[in-house]
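S.K.: Need a 3D model of the sequence below.
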Amino acid sequence: MIILIVCMVIVGAGLLRRVQVFEEFIEGARQGISTVVRLFPYILAMIIAVNLLQASGLLRLIEQSMGVLAEHVGMPKEVVPLAILRPLTGSGSLVVAQGILSTYGPDSFVGMVASAIQGSSDTTLYVITVYFGAIGVKKIRHSLLVGLLSDLVTVGAALLLTHHLYN
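M.R.: All right, here's what the predicted structure looks like:
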């Protein structure tokens, strides 16, 4: 109902200002289609890269090797896949988080760490791919480094805060 009201207000305001609402809508849709066409190769490349990581077993190998290191710093090894996937894919990390919550429960330490990571981080590589691809930025080195560093800090902060709040 709210969406309908907002749309009616927009159309009404356009009519009051004597804007040709339908023509502007069509022009916006045309620009939207060109944006989708421009972004498609970047999104496709991202999807293929994530699927290759998973299908090759490289992601599982990284998870296993990092699990040992994670336990030394007090991080449950069960959330390592989430910490790895979160910068790559929102839907993939959501599936991992859902699996953790259904296995360990939302009130467990593992569930709270997973929830903190899922809720406080972003899909850095996806964001860089889509947004930078949309505006044509080719040199992403520094942005990628800062984004991945912020993901690492987010995981550390989620772990520290959960340790503090859980204990």
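
S.K.: Show me what the least confident helix or strand in the chain by mean pLDDT packs onto, helices and strands only.
M.R.: Within the chain, confidence by mean pLDDT, DSSP states H and E is lowest for helix 133-135 among all helices and strands, at a mean of 80. If you count contacts as 3 or more C-beta pairs under 8 Å, 6 or more residues apart in numbering; DSSP states H and E, helix 133-135 packs onto helix 21-56. The way it works is simple: take the backbone N, C-alpha and C, and place the C-beta from them, glycine included.

S.K.: Tell me how far the helix it packs on lies from the chain's centre.
M.R.: Distance, stretch centre to chain centre, for helix 21-56: 16 Å (C-alpha atoms, centre = their mean, to the nearest Å).

S.K.: Ok, stretch 13-21 next?
M.R.: That offset, for stretch 13-21, works out to 37 Å (C-alpha atoms, centre = their mean).

S.K.: Can you get me the start-to-end distance on that stretch?
M.R.: Across its full length, stretch 13-21 reaches 9 Å between end residues, using C-alpha to C-alpha, to the nearest Å.

S.K.: Need the mean per-residue confidence for it.
M.R.: Across stretch 13-21, the average pLDDT comes to 91.

S.K.: per-residue confidence at the residue nearest in space to the middle of the chain?
M.R.: Nearest to the mean C-alpha position of the chain, counting by C-alpha atoms, centre = their mean, stands residue 123 at 2.7 Å. Looking at residue 123, its pLDDT is 86.

S.K.: Residue 88 too?
M.R.: For residue 88, the pLDDT comes out at 82.

S.K.: Just say helix, strand or coil for the residue lying farthest from the centre of the chain.
M.R.: Distance from the C-alpha centroid of the chain, by C-alpha atoms, centre = their mean, peaks at residue 18 (40.2 Å). Under DSSP: H, G, I helix; E, B strand; the rest coil, residue 18 falls in the coil class.
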